[in-house]
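Participant: the following block contains a protein sequence and its predicted model.
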Amino acid sequence: MKNPPSTLTAEQIAQLPYRPGVGIMLVNQRGRVFVAQRIDNPGPAWQMPQGGIDKGEEPLQAAWRELHEEVGTDRARYLGESRDWFTYDLPAELVPQIWKGRFRGQRQKWFVFRFLGTDRDINIATEHPEFSSWRWAELEELPGLIVPFKRQLYHDLIAEFTPLIRR
């Protein structure tokens, strides 16, 4: 779909695939999670880093790449990954606007990393910045920070990753 129509029917959206991607829960030594405000979203929505998987790239490779591209650091240690892939659907009105209308949402593999650096090691002013600001958030506050259509995903991530983070 080169130029998607400004609106799509529910049936058209249901036929679209999910975009393959990864998500990163970067946790500091105090158990707080890195969240950032997207440049392209003026609302108060914060999110954890995430991005697409490039052709021929393994999910863990993509997670390391996204960590460097979006957070500007690789000062982290891999702790683990989600058992399964998570999906979320975009609201119907956003489907034509995001990813040129080619995807209905994302199918993501999530990874947990322990941040080993200091706040000075984080640099969101990367070559292609995606975030305007960042902060450390308590694990329990994550669902209240994200856009509503991703809240269940964040609840599920907290349930799965809490044992890895707290050990």
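Facilitator: Noted; the coordinates are in hand. Numbers count the residues shown, from 1 in each chain.
Participant: this protein: helices as residue ranges?
Facilitator: 10-15, 59-66, 142-145, 151-166 (DSSP state H).
Participant: could these go into TSV alongside mean pLDDT and mean neighbour count?
Facilitator: All C-beta atoms are positioned from the backbone trio N, CA, C, and that covers glycine. Shown next, in TSV, are the helices of the chain (pLDDT from 0 to 100; neighbours: other CB atoms under 10 Å):
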stretch	mean pLDDT	mean neighbour count
helix 10-15	93	12
helix 59-66	98	19
helix 142-145	96	17
helix 151-166	95	16
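Participant: could the C-alpha coordinates of the helix or strand of the chain with the lowest mean pLDDT be exported in PDB?
Facilitator: Lowest on mean pLDDT, DSSP states H and E among the helices and strands of the chain sits helix 10-15, with a mean of 93. The C-alpha trace of helix 10-15 is given here as PDB (Å, rounded to 0.1, in the frame of the first residue of the first chain):
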ATOM      1  CA  ALA A  10     -12.000  -2.800  10.200                       C
ATOM      2  CA  GLU A  11     -11.800  -5.600   7.600                       C
ATOM      3  CA  GLN A  12      -8.900  -3.900   5.700                       C
ATOM      4  CA  ILE A  13      -7.000  -3.400   9.000                       C
ATOM      5  CA  ALA A  14      -7.500  -7.000  10.000                       C
ATOM      6  CA  GLN A  15      -5.800  -8.100   6.800                       C
END
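Participant: test my guess that I13 contacts G105.
Facilitator: No. I13 lies out of contact with G105 (CB atoms under 8 Å); the separation is 9.2 Å.
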